[in-house]
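[1] Return a 3D structure for these sequence lines:
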Amino acid sequence: MPIMIMRTKNRLPLRRILITGATGAMGSALAEAYAQKGLMLYLTGRNVKKIKAVADRCRLLGAAVDVRCFDLRDEPALRAWIGEITEQGPVDLAILAAGINRNIGPDHQGESWTHTQALMDLNLTATMVAIDSLIPAMRGKGCGQIAIFSSLAGYFGLALTPSYCASKAALKAYGEALRGWLAPEGIKINVIMPGYVKSHMCDHMPGPKPFLQTPRHAAEIIRKGLSKNKPRITFPFPLNLGTWFLAVLPAVLSHRILRWLGYAGD
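    You can find the predicted model right below:
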């Protein structure tokens, strides 16, 4: 049986893929979606047992796998890990999927600053540190692709999850800016904006969860979108259209719609 090599738009084979948050529902599903012979996967996550299980499944699919377990908020450790990998040259694709969520609580008491800071440190700062560490090697070779996990919640802030929405809105804007800067140098930047995907994190999010996706289905949508180098990979329809409208409608109307749908904090 011939080995299938996935190719990017510029006809270069995808041989080295880095994924953060590989123990999460989306990160693990993406690792398995890409795993095949001739591919090197660099995976990181904080749960040792889960990351080993993901790595084993990817190896059964034919991929070579390198696993590291550490807290991405440890900036020196994160830079050192990426530095070791990029010493051999830029990765073909980096998928930055690590993230957590917080909410204002069942009694709407609000988010604690400790939790807010931890969320921003992981969702936003660690992602930006990873990108800053990846870009030099990519610019040196004039190639590479970085997929940044935002969310449909990045279009308009939800009263139930203020800091989560803030982190995802920041990543959306950052990714769009990077794409404009780095595209002329041959580097692809893609912003991934999923809706609700079945996971432990999603199960603990308050509010309705319309158009819930399975991690495997979401991973396939993302994989196809990255292969086409879509600037934004948003799904599912029509939730992506609805959240986009929240951003362009007058804010007074958007807040009324969210209260009607059950996403209000009052």
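
[2] average pLDDT for stretch 157-169?
    Stretch 157-169 carries an average pLDDT of 96.

[3] For that stretch, give me every contacting residue.
    Here stretch 157-169 makes contact (C-beta atoms under 8 Å, 6 or more residues apart in numbering) with 99, 101-104, 111, 115-116, 119-120, 123-124, 150-151, 153-156, 193, 205-207, 258, 263-266. Every residue, glycine included, has its C-beta placed from N, CA and C.

[4] How far away from the center of its chain is that stretch?
    The chain centroid and the centroid of stretch 157-169 are separated by 15 Å under C-alpha atoms, centre = their mean, to the nearest Å.

[5] Let me see the ranges of the strands in the protein.
    Secondary structure of the chain (DSSP state E): strands at 16-20, 40-44, 64-68, 93-96, 145-149, 188-194, 232-235.

[6] and the closest residue to residue 193 other than its chain neighbours, how many neighbours?
    Counting by C-beta to C-beta, 6 or more residues apart in numbering, residue 193 lies nearest to residue 234, which is 4.4 Å off, once chain neighbours are set aside. Per other C-beta atoms under 10 Å, the neighbour tally for residue 234 reads 24.

[7] Tell me which residues touch residue 234, please.
    When contacts are counted by C-beta under 8 Å, 6+ apart, residue 234 touches 152, 193, 194, 240, 244.

[8] could those residues go into TSV alongside distance to residue 83, neighbour count and pLDDT?
    Rendered in TSV, the data for the contacts of residue 234 read as follows (distance: C-beta to C-beta, whole Å; neighbours: other C-beta atoms under 10 Å; pLDDT from 0 to 100):
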residue	distance to residue 83	neighbour count	pLDDT
152	33	24	98
193	29	23	98
194	30	24	98
240	36	19	96
244	38	17	97
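
[9] Mind picking the two most distant members of these?
    Using C-beta to C-beta, these span at most 13.8 Å, a distance reached by 194 and 244.

[10] pretty sure residue 135 contacts residue 182?
    Yes. Between residue 135 and residue 182 there is a contact under C-beta atoms under 8 Å: 7.3 Å.
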